[in-house]
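S.K.: mind looking at a prediction? Sequence and model below.
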Amino acid sequence: MIDHTPAIKQFIVEEFMPDVPVEQLDSDYDLLDGAVIDSLGLLQVIAWIEDTFDLALDDAEIGPDNFRSVEAMQAFIAQSKN
Amino acid sequence: MTVACAVPSLAERVLEHARLRPSAPALISRGRPVDYAELADLVLDARQRLQSLGGQGPIGLLARKSPQAIALILACLLARRPVFVPSPDLAADVLERLFARAGCSHILIPGEPAAEASETAAVPRPGQDGGADVALMLTTSGSTGDPKIVPLALEALDRFTAWAGQHFSITHETTVLSYAPLNFDLCVLDIWTTLSHGGTVALVEHDRATDARHMLELLAAAQVEVVQGVPMLYRLLSDAAGKDDRRVDSVRHVLVTGDSIAPSALAALAALFPRARFHNVYGCTETNDSFVSEIDLRAVAARGEIPIGEPLPGVSALIVAAAGDVVDGPGEGELWVATPFQTAGYADASLNAGKFAPHPQALDGRTYFRTGDTVRRHEDGSITLCGRSDSLVKVRGVRVSTQAVEQALLEHEAVVEVAVLAIPDALAGRRLHAVVRRHEASHLDSLVLRRHCAGRLDRAAVPSQIEIVTHPLPKTPTGKVDRRRSIHNTQRRSAP
């Protein structure tokens, strides 16, 4: 399984909190509860994952919990690739 | 007092529809129709649950939109117990305070055992208009502090559902999309008006609310005829539809509310819903809808803005100038409205001062709600919105006070000064931009500040952009932070 965690972190930091060093974002940090990603942000994340990982996500069950943390996104991408 | 009404009220009407047309669909939830007989069973089950709890006090409902949650609200209406429906996204301590303020004796979560409220505070005061029974309590954001609780009387709800049903021809044959969360006032039209007339509500559940393809499929599959939403919903739908040139022919009425919609977005909508009439709806949680206007697409293209339209039947609207005079002819001022659907005042009556007032010249006996919106009446008599009188803005349909956001940010110990401004955004309508000056010795970053805001503000009120600086923010001649210059400066600085 390829580890996409660094790429996901890079994207989240650049898009939503450019003032924060990448290494400060923990993989299990709750991005929804922490108000980093809101409903519009969620759309941006989904679009980015679709483009970057060549996934068509409308067939999958997409819920906010799949994007709650970097860890969750990594698991979601890995699972969707199968 | 209202005892036996000649005209059956909302919940009674739903049970009556179940008796007359038990197999007619009441709800469509996750692709499954829930017919009126099944909804009535859920309502009666929920009523039994209420009876087993005992007490007479208000019920707090903590739930996402679902057939069970809808049935619980109807059961409360049936039992004449006020039901308070806050946003489940609020922080736990805020919810606890609100449940206490609403006087809730029990808090219900569908599918879970009832929780006793931790403490009971004042029961909502009976209304000023003859002690109307409180049926439903919603919230609206305050300029500072917690959301304000808005109690609505059953009679006010019934008057609204009667008007809306007639105006948009909602009958037992109509399917209406429900996009807004259950705690939004928009549900009074989407869900409650539709059920009151025996129609079908197609529910967009919380976890599908950003899935435009799903919503387009739902619109087509359920043959939805009426859609109400904020500009962001329409932007999502027309973007997704544009990709593969989709159209939805069943929709007859499209209601735009919550914020002003760009003329270009309207054109895209007209392509998506080729057979629909478009309506601009203006209202507040406190008053429900007060103005509606059918949008003339060509006139909007020529004029570039959409008038708020005509007051609804029974609505009285005034434009009040800064000096307190009523503006009779062309001119600008704050919009005051009195509607047949309005609240008798906030649950916390101490918040009513400055928001509810009699006619400035005592020309009638009505209580007016001061909307905080500045409007302009033009030579031709049409009225357009100029903006919020104070710092109130709508962000994704949620009324947000930029001042409250600034206050929340300032509560962080490392924050020296802040400026928050609502900036027009193509997708969101408006988004909040914050510039925060931190103490030079601190290591404050946006990750920490967002977490700080999450515990204090509605999710829509957390700024989309937070820029942290160490230089002093520009000031106005009176020494206050100059918001526009603060944000303009950082934008210019960060430009490539």
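M.R.: In hand now; what should we look at?
S.K.: drop to CA atoms for contacts and neighbour counts, all remaining ones
M.R.: Noted.
S.K.: can you show me the helices along the chain?
M.R.: I'll assume chain A. All helices of chain A, identified by DSSP state H, fall at A:5-16, A:39-53, A:70-81.
S.K.: think we crossed wires, I meant chain B
M.R.: According to DSSP H, the helices that chain B contains are B:10-20, B:36-53, B:67-78, B:92-101, B:154-167, B:187, B:194-196, B:212-221, B:231-243, B:263-272, B:297-303, B:402-410, B:446-454, B:483-494.
S.K.: residues in contact with A:Asp65?
M.R.: If a contact means C-alpha atoms under 8 Å, 6 or more residues apart in numbering or on different chains, then A:Asp65 has A:Ala72 as its contacts.
S.K.: also A:Ser69?
M.R.: By C-alpha under 8 Å, 6+ apart, the neighbours of A:Ser69 are A:Ser27, A:Asp28, A:Tyr29, A:Asp30, A:Leu31, A:Leu32.
S.K.: got a pLDDT number for it?
M.R.: Note on A:Ser69: pLDDT of 95.
S.K.: ok, it to B:Arg459 distance?
M.R.: 17 Å (C-alpha to C-alpha, to the nearest Å).
S.K.: burial of B:Gln407, as a residue count?
M.R.: 18 (other C-alpha atoms under 10 Å in any protein chain shown).
S.K.: check the gap between it and chain A for me.
M.R.: As defined by C-alpha to the nearest C-alpha, to the nearest Å, B:Gln407 lies at a distance of 17 Å from chain A.
S.K.: repeat that for B:Val418.
M.R.: B:Val418 sits 17 Å away from chain A, going by C-alpha to the nearest C-alpha.
S.K.: and what of B:Pro33?
M.R.: Applying C-alpha to the nearest C-alpha, the value for B:Pro33 to chain A is 20 Å.
S.K.: next: B:Pro311.
M.R.: Separation of B:Pro311 from chain A (C-alpha to the nearest C-alpha): 33 Å.
S.K.: contacts only, for that residue.
M.R.: Applying C-alpha under 8 Å, 6+ apart, the residues contacting B:Pro311 are B:Ser290, B:Phe291, B:Val292, B:Ala317.
S.K.: what is it paired to in the beta sheet?
M.R.: Per DSSP bridges, the residues bridged to B:Pro311 are B:Phe291.
S.K.: do B:Leu27 as well
M.R.: Bridge pairing for B:Leu27 (DSSP bridges) gives the partners B:Val34, B:Val201.
S.K.: how many residues are close by B:Ala299?
M.R.: 11.
S.K.: let me see the contact set for it.
M.R.: Counted by C-alpha under 8 Å, 6+ apart, B:Ala299 has zero contacts.
S.K.: if I look at it, how far off is chain A?
M.R.: For B:Ala299 relative to chain A (C-alpha to the nearest C-alpha), the value is 31 Å.
S.K.: any figure for the gap between the residue nearest to B:Ile28 when sequence neighbours are not counted and chain A?
M.R.: Leaving aside its chain neighbours, B:Ile28 sits nearest to B:Ala202 (4.7 Å; criterion: C-alpha to C-alpha, 6 or more residues apart in numbering or on different chains). Taking C-alpha to the nearest C-alpha as the measure, B:Ala202 falls 19 Å from chain A.
S.K.: is it true that B:Ala202 touches B:Arg30?
M.R.: No: counting by C-alpha atoms under 8 Å, B:Ala202 stays clear of B:Arg30, with 9.0 Å between them.
S.K.: these two: who's more crowded?
M.R.: Higher neighbour count among B:Ala202 and B:Arg30: B:Ala202, with 30 against 13, using other C-alpha under 10 Å.
S.K.: which residues sit against stretch B:326-336?
M.R.: B:317-322, B:360, B:368-379, B:381, B:389.
S.K.: could you do stretch A:21-41 as well?
M.R.: Contacts for stretch A:21-41 (C-alpha under 8 Å, 6+ apart): A:5, A:9-10, A:13, A:16-17, A:67-72, B:210, B:428, B:447, B:450-451, B:453-454, B:459-460, B:462.
S.K.: are any of the residues you listed buried, and if so which?
M.R.: Taking 16 or more other C-alpha atoms under 10 Å in any protein chain shown as the criterion, what is buried in the contacts of stretch A:21-41 is A:5, A:9, A:13, A:16-17, A:67-72, B:210, B:428, B:447, B:450-451, B:453-454, B:459-460, B:462.
S.K.: re the thing from before, of the helices of chain B, flag the one that's most buried.
M.R.: helix B:194-196 (a mean of 28; mean count of other C-alpha atoms under 10 Å in any protein chain shown).
S.K.: lowest average confidence, helix or strand, in the chain?
M.R.: You didn't say which chain, so I picked chain A. helix A:39-53 (a mean of 88; mean pLDDT, DSSP states H and E).
S.K.: the intended chain is chain B.
M.R.: helix B:483-494 (a mean of 70).
S.K.: residue in chain A nearest to chain B?
M.R.: With C-alpha to the nearest C-alpha as the measure, A:Gly34 is the residue of chain A nearest to chain B, at 4.4 Å.
S.K.: and the gap between that residue and B:Asn489?
M.R.: Taken as C-alpha to C-alpha, the span from A:Gly34 to B:Asn489 is 28 Å.
S.K.: report how many residues lie close to A:Asn82.
M.R.: 5.
S.K.: same thing with B:Gly309?
M.R.: Counted with other C-alpha under 10 Å, B:Gly309 comes out at 20.
S.K.: can you tell me the closest non-neighbouring residue to it?
M.R.: In space, B:Gly309 is closest to B:Ser293, 4.3 Å off (C-alpha to C-alpha, 6+ apart).
S.K.: ok, the one you found touching B:Val300?
M.R.: No: contact status for B:Ser293 versus B:Val300: not in contact, 12.0 Å apart, counting by C-alpha under 8 Å.
S.K.: tell me who's in contact with B:Gly165.
M.R.: Contact partners of B:Gly165, counting by C-alpha under 8 Å, 6+ apart, are B:Thr171, B:Thr193, B:Thr194, B:His197.
S.K.: among the residues you listed, who's most crowded?
M.R.: B:Thr194 (30 neighbours).
S.K.: any idea how far that residue is from B:Cys76?
M.R.: Taken as C-alpha to C-alpha, the span from B:Thr194 to B:Cys76 is 18 Å.
S.K.: do the same with B:Pro463
M.R.: According to C-alpha to C-alpha, B:Pro463 stands 36 Å off from B:Cys76.
S.K.: what do you get for B:Ala221?
M.R.: 32 Å.
S.K.: tell me, how many residues neighbour the closest residue to A:Ile2 other than its chain neighbours?
M.R.: Nearest non-adjacent residue to A:Ile2, counting by C-alpha to C-alpha, 6+ apart: A:Ala78, 7.8 Å away. A total of 15 residues lie near A:Ala78 under the criterion other C-alpha under 10 Å.
S.K.: A:Ala78 contacts A:Met1, correct?
M.R.: Yes: under the criterion of C-alpha under 8 Å, A:Ala78 is in contact with A:Met1, at a separation of 7.0 Å.
S.K.: tell me the contacts of the residue nearest in space to the middle of chain A?
M.R.: Of all residues in chain A, the one closest to the mean position by C-alpha atoms, centre = their mean is A:Met73, 4.5 Å from it. If you count contacts by C-alpha under 8 Å, 6+ apart, A:Met73 has them with A:Ile8, A:Asn66, A:Phe67.
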